[in-house]
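Trainee: Please find the sequence and the predicted model below.
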Amino acid sequence: MKHLKYTKTAIITVACIIALGCQETNNDPQTQTDTKGPEEVEQPDTDANTTEDTQDISSTDAGPADTTLADICTPDCSKNTCGDNGCGGNCGPCETGTGCKDGQCVCIADCKSKQCGDNGCGGSCGECSDNLNCVRGQCECIPNCDNKECGDNGCGGNCGQCTDCNGTPLPCLDGLCEGCCPDCNDKQCGADGCEGSCGTCNEGLDCTANQCVCVAKCEGKSCGDNGCGVLCGSCGNNQQCMDGTCVDLCVPNCDNKTCGGNGCGEPCGTCEPGTICSKNQCICATDCTAKQCGDNGCGGYCGDCKAGFACNGFTCQCAPNCTNKSCGDNGCGVSCGSCAPTHECSNGQCICDGSCFEKECGGNGCGEPCGTCTVGQECSAEGLCNDIVTGKCPPEGPFGTEVDAIMTNVELKDCDGNSYSLHDLCAFNAAWIFGYAEW
């Protein structure tokens, strides 16, 4: 074997190369740069002989073995966060619940003793059938008795048994018991369970949990009773509670008052029957109910009747008036009297309606004359003036003298055989008689 000589300087150089190239990497997943200074790099043993050895190396020498650059390993964790660094070391540990796979830390699914639920890595250990629910990783049946009184609970159990008031079994239909047993034990009000009622509460009480309880009412109140024997609050000094409100203390005033308020919510007095309080004084209470007229009970009147009407029984009625009247309306639709046929009623008096129509003489029916006849005439019943008949034809007239002379004692007969003398007919129409006789 060839003997080599080496110096101390060569040994130090090789030691430095080994220290820098083969140092174990940090456990941190990221490769870190060594920032140690030259003085911090591990140094070889300083106990070695510092004197230059000029002797040939032999097999018995205790010096270091031969070292080459090929024997120095460079760890590589640039793509790995865990696992082998290529030099027999480790690129880093993984957190609890994870494991190293292909140089990377990955979640380890845990479904040990699990039928369902989360596997710890965002996945599932399995799904339960429709009638089962996942409970702590196990598929279990959860009883369901919602809105049920009886029947199957979905897990092979029962939601309840149906019985009547005597304990006799009742049929179950769609989860509800057929038939009903009213239950009002320890109940004052509310439903009895069979669409009936266990009772109602008195005024001021509300039914709560089948019990009649007083409901405090303090809304809008700062003091006074809440309706249940408890105060809604108290008032301060020089105040009093009035209608649930604290007001300043009131000084009552009833001076010159017989009735009405005293200013503090209390009356100054009461009025006797038949009187009313007006402006803090008791006065007579007028009564004109259903009255048109007459006394109002207090010395006054309920009203006056219009002209022609009089008050009778508190009602205005028509008053008949025939004073100074002999005929016409009495003011109430009845006549005060009637007039004779020759009279007419005017302003309540019978007035004679005189007439001289086609009359020459006589009265007008009212005691007044229609005219007078001349001498030798008389007034007929018809009011006409006629000549007075003396037993012979008067000489006046165109034929009077001739008739009297020629036809003296001439006897005339009518169709019935009655005889008439000329003088008897003279009062009628002598000219006609003469003409007839001549004919």
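Mentor: It's in.
Trainee: could you point out where the stretch 201-350 of the chain is predicted with low confidence?
Mentor: Within the stretch 201-350 of the chain, no stretch falls below the threshold (pLDDT under 70).
Trainee: just how off-centre is stretch 269-276 within its chain?
Mentor: A distance of 41 Å separates the centroid of the chain from that of stretch 269-276, by Cα atoms, centre = their mean, to the nearest Å.
Trainee: Give me the contacts around it.
Mentor: 254, 257-259, 277, 282-285, 297 (Cβ atoms under 8 Å, 6 or more residues apart in numbering). No exception for glycine: its C-beta is placed from N, CA and C like everyone else's.
Trainee: what ranges do the strands span in the stretch 1-150 of the chain?
Mentor: With strands called from DSSP state E, counting those that start in this stretch, the stretch 1-150 of the chain shows them at 98-101, 104-107, 133-135, 138-140.
Trainee: Show the secondary-structure elements that the first one is packed against.
Mentor: Right, the one you point to is strand 98-101. strand 104-107 (3 or more Cβ pairs under 8 Å, 6 or more residues apart in numbering; DSSP states H and E).
Trainee: Residue 154 against residue 141, yeah?
Mentor: Yes. Residue 154 lies in contact with residue 141 (Cβ atoms under 8 Å); the separation is 6.8 Å.
Trainee: joint contacts of those two?
Mentor: Both residue 154 and residue 141 are contacted by residue 131, under the criterion Cβ under 8 Å, 6+ apart.
Trainee: Buried residues of stretch 210-224, list them for me.
Mentor: Within stretch 210-224, the residues that count as buried by 16 or more other Cβ atoms under 10 Å are 210, 212, 214, 218, 221, 223-224.
Trainee: Identify the farthest-apart pair in these.
Mentor: Largest separation among the buried residues of stretch 210-224 by Cβ to Cβ: 210 and 223, giving 33.1 Å.
Trainee: Residue 335 pairs with what?
Mentor: residue 329 (DSSP bridges).
Trainee: Output the buried residues of stretch 210-224 in TSV; the columns should cover distance to residue 185 and secondary structure.
Mentor: Formatted as TSV, the buried residues of stretch 210-224 follow (distance: Cβ to Cβ, whole Å; DSSP: H, G, I helix; E, B strand; the rest coil):
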residue	distance to residue 185	secondary structure
210	10	coil
212	16	strand
214	23	strand
218	34	coil
221	37	coil
223	41	coil
224	38	coil
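Trainee: ok, back up a step: from the contacts of stretch 269-276, list just the buried residues.
Mentor: 254, 257, 259, 277, 282, 285.
Trainee: Out of those, which sit inside strands?
Mentor: Taking DSSP state E, the ones among the buried ones among the contacts of stretch 269-276 that sit in strands are 277, 282.
Trainee: Go through the buried ones among the contacts of stretch 269-276 and name the one nearest residue 192.
Mentor: Nearest member of the buried ones among the contacts of stretch 269-276 to residue 192, counting by Cβ to Cβ, is residue 277, at 53.6 Å.
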